[in-house]
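Visitor: this one's structure only:
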């Protein structure tokens, strides 16, 4: 398989439903916690080292061939907010459709049968990377990058932020993305080495969880989560 | 018309598949797009009232930042609530109907699973611009709705919606005298832009209402099920 498959999967235009989600940025903007490029960077940094790390490790483990059903349970355990569980499964289902159409695979088919309404998105992402012939590092990078690129593009729309500022934020986070992806892969290898899914990171961001619960009840909003 | 959508596809269910996983033929999907305020929701409501006795219908709305369109249809009780679903579009209505159709496909499939069998699913886009068209992976046919008050030069300006939609509806013809729109000119420009493809001029306030569009919808369904 081609390494260039990584670009196909990581492309923000890969049609897997992400454009309708802000990764908690809409709630943070409304609460006044994100008001411009500097606070966007802090928001993204926080998300990267918590949700981003957890998602990247789940994705890397799925890419290594760890049982996706077990990983889905591990994802649930690491996602206290019911609203975020719903969003993760919705996105997982949408990614599943795009993945099966793009890289048909018996493993993806089996997971789709197991979770007809969607498994957690990072698990599907890892299995998609596997179907595309990519490795755990690729899956971890995709997932970690998504954890910050989603909010950054959402804030461009929410605050009419200068898109160059948002892109600069992502570039400045690049060295940290490397470290998060490394840690994620290391943890995933620990699962395979016999540690089981309990060795996966369980970092959490309470404000993201709280914000998501509030956001799910809003009558007027631009993003689904 | 793009009625031959029976691409066999191993494994994954993709939008254009004409059959459901259990082998039955899926519902015909008709998209309604067009600028903000042109009367898409009113047309959907009128179609539901006209067709609901004879056909099994469902509606997917794509609201931009509220659930107003879905709520309007619920309030008007044009269909039972379980037959109406709202998709959230993340500030990009055209993305959700064209570039990344996954949320809409899910809504359509869930409706078929939960309230089916269905004859027709109407997918209404959020109000957008003249370039917004539906992916063929999402709908089998599309209606583009403009209105006389939006300027009688819109058919001349063209754009993908006006030139490529399977049916162009020019709505609110009753307002033409009040806003100085020349219906003759709009018809001539539409003919130039669309050739033989159909155009309907309608006023939902007139007695005929949505009749002509409903006839067109019935013809699409007849071709789909033939």
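Guide: That came through fine. From a predicted model like this one, the values you see are computed outputs, not experimental measurements.

Visitor: which one's the longest helix in chain A?
Guide: In chain A, taking DSSP state H as the definition, the longest helix is helix A:136-159.

Visitor: and that helix, how far from the chain's centre?
Guide: 7 Å (CA atoms, centre = their mean, to the nearest Å).

Visitor: now swap in stretch A:110-130 and tell me
Guide: 13 Å.

Visitor: then stretch B:24-35?
Guide: 6 Å.

Visitor: any idea of the mean pLDDT in that stretch?
Guide: Per-region confidence: stretch B:24-35 scores 93 on mean pLDDT.

Visitor: list the buried residues for it?
Guide: Within stretch B:24-35, the residues that count as buried by 16 or more other CB atoms under 10 Å in any protein chain shown are B:26-35. No exception for glycine: its C-beta is placed from N, CA and C like everyone else's.

Visitor: closest to residue B:71 out of the residues you listed?
Guide: Checking the buried residues of stretch B:24-35 against residue B:71 by CB to CB gives residue B:32 as the nearest, at 17.3 Å.

Visitor: how about the contacts made by that closest one?
Guide: B:40, B:43-44, B:122-125, B:142-145 (CB atoms under 8 Å, 6 or more residues apart in numbering or on different chains).

Visitor: for the longest helix of chain A, what is the average pLDDT?
Guide: 97.

Visitor: what does stretch A:187-205 give?
Guide: Mean predicted confidence for stretch A:187-205 is 96.

Visitor: list the helices and strands the helix or strand where residue A:85 lies packs on?
Guide: Residue A:85 belongs to helix A:82-102 when elements are defined using DSSP states H and E. Packing partners of helix A:82-102 (3 or more CB pairs under 8 Å, 6 or more residues apart in numbering or on different chains; DSSP states H and E): helix A:106-114, helix A:121-131, helix A:206-216, helix B:102-115.

Visitor: give me every residue in chain A lying close to chain B.
Guide: A:13, A:15-22, A:90, A:93-94, A:97-98, A:100-101, A:104, A:109, A:154, A:157, A:219-224 (CB under 8 Å from any CB of the partner chain).

Visitor: contacts for the next helix or strand after the longest helix of chain A?
Guide: Using DSSP H and E, the helix or strand that directly follows helix A:136-159 along the chain is helix A:163-172. With contacts defined as CB under 8 Å, 6+ apart, helix A:163-172 is touched by A:36-37, A:40-41, A:44, A:148-149, A:152-153, A:155-156.

Visitor: in a helix, residue B:181, correct?
Guide: No: applying DSSP: H, G, I helix; E, B strand; the rest coil, one finds residue B:181 to be coil, outside a helix.

Visitor: got the contact list for residue B:126?
Guide: Counting by CB under 8 Å, 6+ apart, residue B:126 makes contact with B:62-64, B:69, B:89, B:93, B:96.

Visitor: quick one, what contacts the closest residue to it other than its chain neighbours?
Guide: Leaving aside its sequence neighbours, residue B:126 sits nearest to residue B:93 (CB to CB, 6 or more residues apart in numbering or on different chains; 3.1 Å). With contacts defined as CB under 8 Å, 6+ apart, residue B:93 is in contact with B:62, B:64, B:125-128, B:132.

Visitor: out of the residues you listed, who's nearest chain A?
Guide: Distance to chain A across the contacts of residue B:93 (CB to the nearest CB) is lowest for residue B:64, with 7.5 Å.

Visitor: I'd assumed residue B:94 was in contact with that closest one.
Guide: No: between residue B:64 and residue B:94 there is no contact under CB atoms under 8 Å: 10.4 Å.

Visitor: what strand or helix carries the spatially most central residue of chain B?
Guide: Nearest to the mean C-alpha position of chain B, by CA atoms, centre = their mean, lies residue B:32 at 1.9 Å. Assigned by DSSP H and E, residue B:32 falls within strand B:28-33.

Visitor: the nearest residue to residue A:76 once chain neighbours are set aside: what's it in contact with?
Guide: Leaving aside its chain neighbours, residue A:76 sits nearest to residue A:85 (6.4 Å; criterion: CB to CB, 6+ apart). The contact partners of residue A:85, taken as CB under 8 Å, 6+ apart, are A:76, A:79, A:120.

Visitor: quick one: which of those has the most company?
Guide: residue A:120 (29 neighbours; other CB atoms under 10 Å in any protein chain shown).

Visitor: residue A:72 is in contact with that one, correct?
Guide: Yes: using CB under 8 Å, residue A:120 is in contact with residue A:72, at 5.3 Å.

Visitor: tally of neighbours for residue 125?
Guide: Just going to use chain A. 29.

Visitor: my question was about chain B
Guide: Residue B:125: 33 neighbours (other CB under 10 Å).

Visitor: ok, what's across the strand from the closest residue to it other than its chain neighbours?
Guide: Nearest residue to residue B:125, sequence neighbours excluded (CB to CB, 6+ apart): residue B:33, at 4.2 Å. Taking DSSP bridges as the rule, residue B:33 bridges to residue B:144.

Visitor: separation between residue B:33 and residue A:223?
Guide: Distance, residue B:33 to residue A:223, by CB to CB, to the nearest Å: 21 Å.

Visitor: what residue ranges in chain A score low on pLDDT?
Guide: A:1 (pLDDT under 70).

Visitor: picking that back up, of the contacts of residue B:93, which pair is most distant in space?
Guide: B:64 and B:132 (11.6 Å).

Visitor: more neighbours: which of the two?
Guide: The neighbour comparison of residue B:64 against residue B:132 (other CB under 10 Å) goes to residue B:132, with 22 against 19.

Visitor: now do the contacts for that one.
Guide: B:33-34, B:93-94, B:97-98, B:125, B:160-161.

Visitor: give me that answer again for 10 Å
Guide: B:31, B:33-35, B:93-95, B:97-98, B:125-126, B:144, B:159-161 (CB atoms under 10 Å, 6 or more residues apart in numbering or on different chains).

Visitor: I appreciate the help and will end here.
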